[in-house]
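Asker: Sequence below, structure please.
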Amino acid sequence: QVQLVESGGGLVQPGGSLRLSCAASRFSLDYYVIGWFRQAPGKEREGVSCIDTSDGSTSYADSVKGRFIISRDNAKNTVYLQMNSLKAEDTAIYYCAAQSLGSSRYDYWGQGTQVTVSS
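Answerer: Prediction:
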């Protein structure tokens, strides 16, 4: 069964850092767009960042530009989201998802990992 598994969430103080991981099993991340999304209580899910594994191109939401970095480790079949200078408003459940090239939607989703930024 195809799976995406997120890890790395937790509690961090404002200004701190976390690195989230999105590991794929039973399929290769080659030729997928991998996206990170988040959903805070009472709010709609929003896109945070994505990476096109075919060419390495990346994009970021304005709210995280300059603070978050998305990257991929081919050998580990894993995508990371390095989150720096965290703010209280970054608190949310973070999900990764995979969209095959040519698809109009994200085909696979992980179960999510909680990130809480609080002093």
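Asker: what's the closest non-adjacent residue to the residue positioned nearest the centre of the chain?
Answerer: Residue closest to the average C-alpha location in the chain (Cα atoms, centre = their mean): residue 36, at 2.9 Å. Leaving aside its sequence neighbours, residue 36 sits nearest to residue 48 (Cβ to Cβ, 6 or more residues apart in numbering; 4.4 Å). Any C-beta I mention is one placed from the backbone N, CA and C, and that applies to glycine too.
Asker: how distant is the host helix or strand of the residue nearest to the centre of the chain from the center of its chain?
Answerer: Of the helices and strands defined by DSSP states H and E, residue 36 is found in strand 32-39. Computed by Cα atoms, centre = their mean, to the nearest Å, the chain-centroid distance of strand 32-39 equals 5 Å.
Asker: do the same with stretch 80-92
Answerer: On Cα atoms, centre = their mean, the centre of stretch 80-92 falls 11 Å from that of its chain.
Asker: now do the same end-to-end measure for it.
Answerer: 17 Å (Cα to Cα, to the nearest Å).
Asker: what do you get for stretch 80-87?
Answerer: 19 Å.
Asker: Check which residues of that stretch are buried.
Answerer: Residues 80-81, 83, 86 are the ones in stretch 80-87 that count as buried (16 or more other Cβ atoms under 10 Å).
Asker: neighbouring contacts of it?
Answerer: Applying Cβ atoms under 8 Å, 6 or more residues apart in numbering, the external contacts of stretch 80-87 come out as 12, 14-22, 36, 48-49, 64, 67-73, 90, 94, 96, 115, 117.
Asker: With stretch 14-26 instead?
Answerer: So stretch 14-26 is in contact with 1-10, 12, 34, 36, 76-88, 94, 96, 98, 110, 113, 115, 117-119, going by Cβ under 8 Å, 6+ apart.
Asker: hmm, back to that, which among the contacts of stretch 80-87 count as buried?
Answerer: Judged by 16+ other Cβ under 10 Å, buried ones among the contacts of stretch 80-87: 12, 18, 20-22, 36, 48-49, 64, 68, 70, 72, 90, 94, 96, 115, 117.
Asker: Cheers, nothing more for now.
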